[in-house]
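> return atomic coordinates for the entry below.
(one chain, ligands or ions: 1)
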Amino acid sequence: MDLAGKVAVVTGGASGIGAALAKAFAAQGAQVAVADLNRPGAEAVAAAVGGIAFETDVSQETSNAALIDTVEGVLGPVDLFCANAGIAFAGSEQSPDEDWDRMWRVNFLSHVYAARYLIPRWTERGGGYFLATASAAGLLTNLGAAQYAVTKHAVVAFAEWLSITYADDGIRVSCLCPQGVLTPILENAGEVIEFLRTTAITPEQVAADVVSAIAEEQFLILPHPEVARYEQRRASDREGWLEGMRQLGRNLKG
Ligand SMILES: NC(=O)c1ccc[n+]([C@@H]2O[C@H](COP(=O)([O-])OP(=O)(O)OC[C@H]3O[C@@H](n4cnc5c(N)ncnc54)[C@H](O)[C@@H]3O)[C@@H](O)[C@H]2O)c1
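Model (predicted):
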């Protein structure tokens with residue numbers, strides 16, 4: 001898809017990867033709507049890109065519906081929707097239901113809610129583009145963060161399902177799966193993913209890869225190309241991959 005003149009919505013656009021996506025899309029000539037829980041942050045990014053800002057809680061269906069309706073009223077039909085907002089924290093099977101529920105809603109159900117409103121409109125209009133920000137954790141796993149790994153796997157599965165189901169309606173889907181990116185999520189993640197900082201890249205590098213992938217309408221976006229190798233290992237030698245991850249966990253614990 002050529003981004004020039006298109007209407008793009010970026011959730012989680014106040015910070016990190018989302019802010020870099022908003023700036024990169026605007027540089028390609030798109031009109032950008034920046035949506036985030038953090039209203040002042042969204043307003044600052046929107047001002048920088050000549051776009052508009054929305055205070056949105058993506059974990060709520062009504063908030064997604066209001067976002068899409070209002071953007072379409074102000075800027076016109078949404079061409080590209082980036083379900084990018086996400087949260088990360090450590091957790092396990094011992095975590096309370098509230099933790100599982102919160103991450104499930106923010107990281108995953110938000111994609112379903114947005115798609116629920118967008119797909120019928122896109123089907124009627126003959127096309128649209130859905131970008132899902134997952135993570136390498138959605139293809140592999142995330143040591144010490146069960147909810148994050150599980151919700152990001154769900155994001156990948158849903159993006160694949162959308163791509164398969166609606167391609168013939170002109171709907172395109174990309175799924176962004178980076179490892180460490182230098183944003184507040186990584187800075188606040190603590191020791192659990194400290195090792196990811198050694199290979200971390202900037203949000204601007206990620207955004208440049210996303211712009212190229214959208215131009216090519218390519219599904220899987222891997223800003224860390226080595227993730228493709230890790231995923232192949234997981235698929236071709238599951239026992240060896242599991243043992244490798246256990247060993248990495250032991251090494252990190254010292
Ligand atoms: N930084 C990394 O290392 C990394 C790696 C892989 C994937 N990701 C994913 O990239 C996405 C963006 O993360 P980031 O690294 O830019 O982090 P970030 O913390 O800089 O940005 C996340 C943004 O999402 C917003 N947000 C959180 N909950 C929200 C909600 N309920 N409604 C609306 N907005 C909400 C936050 O206010 C924040 O502005 C996330 O989905 C994250 O899981 C990040």
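
> going by C-alpha atoms from here, please, whenever you check contacts or count neighbours.
OK.

> near the ligand, which residues of this structure show up?
Selection of the chain residues close to the ligand by Cα under 6 Å from any ligand atom yields 11-18, 36-38, 56-59, 84-87, 106, 133-135, 178-186.

> which of the residues you listed fall in strands?
Counted as lying in strands by DSSP state E, out of the residues of the chain next to the ligand, are Thr11, Asp36, Thr133.

> could you verify my assumption that the first one touches Cys82?
Yes: under the contact definition of Cα atoms under 8 Å, Thr11 touches Cys82, with a separation of 6.2 Å.

> between these two, which one's more packed in?
Thr11 (31 against 26; other Cα atoms under 10 Å).

> could you find the closest non-adjacent residue to that one?
Ala35 (4.6 Å; Cα to Cα, 6 or more residues apart in numbering).

> TSV please, covering the ones in strands among the residues of the chain next to the ligand and showing distance to Ala149 and pLDDT.
Output for these, formatted as TSV (distance: Cα to Cα, whole Å; pLDDT from 0 to 100):
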residue	distance to Ala149	pLDDT
Thr11	20	98
Asp36	23	98
Thr133	13	98
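
> okay if I get the residues you listed as JSON lines plus distance to Leu252?
Shown next, in JSON lines, are those (distance: Cα to Cα, whole Å):
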{"residue": "Thr11", "distance to Leu252": "33"}
{"residue": "Asp36", "distance to Leu252": "34"}
{"residue": "Thr133", "distance to Leu252": "27"}
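
> and which of the residues you listed is nearest the ligand?
Distances from the ligand to these, taken as Cα to the nearest ligand atom, are shortest for Asp36 (3.8 Å).

> does the closest one touch Glu55 like I think?
Yes: the criterion here is Cα under 8 Å, and Asp36 meets it with Glu55 at 5.3 Å.

> CA atoms only: put the host helix or strand of Arg116 into CSV for me.
Assigned by DSSP states H and E, Arg116 falls within helix 110-125. Taking Å, rounded to 0.1, in the frame of the first residue of the first chain, the C-alpha atoms of helix 110-125 are listed here in CSV:
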residue,chain,number,x,y,z
SER,A,110,-8.0,-4.7,21.6
HIS,A,111,-7.2,-6.2,18.2
VAL,A,112,-10.5,-8.1,18.1
TYR,A,113,-12.4,-5.0,19.1
ALA,A,114,-10.8,-2.9,16.4
ALA,A,115,-11.2,-5.5,13.7
ARG,A,116,-14.9,-6.0,14.7
TYR,A,117,-15.6,-2.4,13.6
LEU,A,118,-13.1,-2.2,10.7
ILE,A,119,-13.6,-5.4,8.8
PRO,A,120,-17.2,-4.8,7.8
ARG,A,121,-16.4,-1.3,6.5
TRP,A,122,-13.3,-2.5,4.7
THR,A,123,-15.1,-5.4,3.1
GLU,A,124,-17.8,-3.0,1.8
ARG,A,125,-15.1,-0.5,0.6
